[in-house]
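> My questions are about this predicted structure, shown below with the sequence.
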Amino acid sequence: NRTIPSLALAGALAVASVGSAVGQDDEQVTLQYWAWFPPLPTTEKMIEAFEAENPNVDVEINVLESTVYQDKLPLSLAAGDAIDLVAVQSGAMVDQVKGDLQPLEPLLEEHVGADWADMYAAKAVDQAKSLADDGELYILPVGALGSAVGYYNVEMFEELGLEVPTNYEEFKAYADAVTAADPNLFPVVYDGSPWFQDEILLTLVGQTSPNFFNDIRYGDGRWDDPAYIEALTTYKQMHDDGILSLDTLDIDYGSALEIFYGRGAPIMLQGTWESGMLSEGFRAENGIDLNEVGLMPLPVIAEGGTPSIRSFIEMGLAVPSASDNPEEAMDLLEFLVFGDGVDVWAPTLSFVPAKLGYELPEDTLTTEVAQESFEILSDLVQNPSSDRNNVSAFSVVVGDGIIEVLNGADPAEVAAELQSEWESGRYIS
């Protein structure tokens, strides 16, 4: 039996009990699994596949809206509620709830094998451990996402005779060609909000100074570093040269998507969480009327730079201390991270799987451009310049400073102001 209220309502709770076959020794186990992602239909498919392989296990799924989940999970764990496997959001949540979670490394060695780390991205382990102040592994992320990348309309590129730009000169030639073909087009569209201005700048500075953000986030790096001032200066030049437009500052996230979907720009900048549009099936299901979409790194803006992205782990799975069924919980974790469960959620392209050597099912991406784009995506996310471990409130401050530069402020002065604000103690670092 299932009761599935609408997830459109804030705080909606979906409770599903899937399957009821009797397994070995007729000992039926019921697992409690809590998550906020992926959406319920995908989660149900994951659990149905798991139960088919484990007929002695029933899984009850609690799927909460994201913000409600952040509030409810710590309270339920602290109360000792009998939850067997939980998804934990990366960031401060890990330190907040780690006292109610079991350390994972002993469980992984026992249930997956001593060689489990050989099958899993080392960067994901390092990032997961960095979230706990004792350096222990409490969550095992299913994958990672990053920002910023470019998505391009393959059909528009072919119609306009465009090439995917890889450096500043090619980017300018591309923008000039788009404007000459149709002055009403944006060469590049993106969310003009301050937080995404920060995403773009950190991507650009990471091309020449890969550890820039990590040095700030975890060490004694500075916002007034010459590399950042140079990136600010070049970003302003990109607008002056017509590669980017100040008009995008008035465009929000949803409008940027609408413009790109409506052929108002051949390229859109956004995070890898939008990479589902690489899939023909995803576009059809979501009413995206584009024949083909490719993915590209941001063109390298400075001599000697390399393509860059910041990425970070997402959706870490953890076994609560109060679990009544830790062995079966680890079976489910293994299925979702290392086993056939990856083939259920990975085709949504929400995250790049942390499972090493993973290949998507053949029918996920059907064109050469899409397949090559996924290879680019995977390489960028698994080999980031820095962690996308943002301090959200400060990202807005940085974005406001970037907009000041675009409106004529001195890059060095703005960078000095950002450094002073960072040192103010008003932000959790």
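Looks like it arrived, so ask away.

> For Tyr427, the count of nearby residues, please.
Tyr427 has 14 neighbours, counted by other CB atoms under 10 Å. (Glycine included, C-beta is placed from N, CA and C.)

> So which bits of stretch 203-217 are buried?
Neighbour counts over stretch 203-217 (16 or more other CB atoms under 10 Å) mark 203-210, 212-214, 216-217 as buried.

> Just the element for Trp195, please.
Taking DSSP states H and E as the criterion, Trp195 maps to helix 194-206.

> next helix or strand past that helix?
helix 212-218.

> Just the C-alphas of that next one, formatted as CSV.
What follows is helix 212-218 as a C-alpha-only set of coordinates in CSV (Å, rounded to 0.1, in the frame of the first residue of the first chain):
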residue,chain,number,x,y,z
PHE,A,212,42.5,29.8,-4.9
PHE,A,213,39.1,29.0,-3.3
ASN,A,214,40.4,26.1,-1.2
ASP,A,215,43.1,28.4,0.2
ILE,A,216,40.5,30.9,1.2
ARG,A,217,38.0,28.3,2.5
TYR,A,218,40.3,26.2,4.5
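
> Quick check, Ser395 in contact with Trp195.
Yes: using CB atoms under 8 Å, Ser395 is in contact with Trp195, at 4.8 Å.

> Measure how far stretch 286-302 is from the centre of its chain, please.
Distance of stretch 286-302 from its chain centroid, counting by CA atoms, centre = their mean, to the nearest Å, is 16 Å.

> Pull out the buried positions in it.
Within stretch 286-302, the residues scored as buried using 16+ other CB under 10 Å are 288, 290, 292-302.

> thinking again about what came up before, which one of the buried residues of stretch 203-217 is nearest to Val369?
Using CB to CB, Thr203 comes nearest to Val369 of those, at 21.9 Å.

> out of everything not next to it in sequence, what's closest to Ala173?
Nearest residue to Ala173 in three dimensions, chain neighbours excluded: Pro165, at 7.4 Å (CB to CB, 6 or more residues apart in numbering).

> tell me the SS of that neighbour?
coil (DSSP: H, G, I helix; E, B strand; the rest coil).

> Run a quick neighbour tally on it.
23.

> Repeat that for Glu155.
Applying other CB under 10 Å, we find 14 residues neighbouring Glu155.

> from what I can see Leu391 touches Val398, true?
You called it Leu, but residue 391 is Val. No: assessed by CB under 8 Å, Val391 is found out of contact with Val398, at 9.3 Å.

> which one of these two has more residues nearby?
Val398 (25 against 16).

> hmm, back to that, in strands only, show me the buried residues of stretch 286-302.
Among the buried residues of stretch 286-302, the ones falling in strands (DSSP state E) are Val293, Gly294, Leu295, Met296, Pro297.

> Mind giving me the packing neighbours of whichever strand or helix holds Leu73?
Per DSSP H and E: Leu73 is located in helix 66-78. Secondary-structure packing of helix 66-78 (3 or more CB pairs under 8 Å, 6 or more residues apart in numbering; DSSP states H and E): strand 29-35, strand 85-88, helix 92-97.

> Need the contact partners of the longest one.
Which is strand 29-35. 17, 43, 47, 56-64, 69, 73, 76, 82-87, 315, 325, 328-329, 332 (CB atoms under 8 Å, 6 or more residues apart in numbering).

> Rounded mean pLDDT for the very next helix or strand once past it, please.
Where DSSP H and E defines the elements, the next helix or strand beyond strand 29-35 is helix 40-53. Mean pLDDT, helix 40-53: 95.

> Hey, what's the angle from helix 40-53 to strand 29-35? Just curious.
Helix 40-53 and strand 29-35 are oriented at 150 degrees to each other (axes from the mean of the first three to the mean of the last three CA atoms, to 10 degrees).

> and helix 40-53, which residues are buried?
Applying 16+ other CB under 10 Å to helix 40-53 flags Leu40, Thr43, Glu44, Met46, Ile47, Ala49, Phe50, Glu51 as buried.

> swap in stretch 417-429?
Neighbour-count burial for stretch 417-429, counted by 16+ other CB under 10 Å, picks out Glu417, Leu418, Gln419, Trp422.

> What of stretch 166-178?
Quick answer for stretch 166-178 (16+ other CB under 10 Å): Tyr168, Phe171, Lys172, Tyr174, Ala175, Val178.

> Inside helices: which ones of these?
Tyr168, Phe171, Lys172, Tyr174, Ala175, Val178 (DSSP state H).
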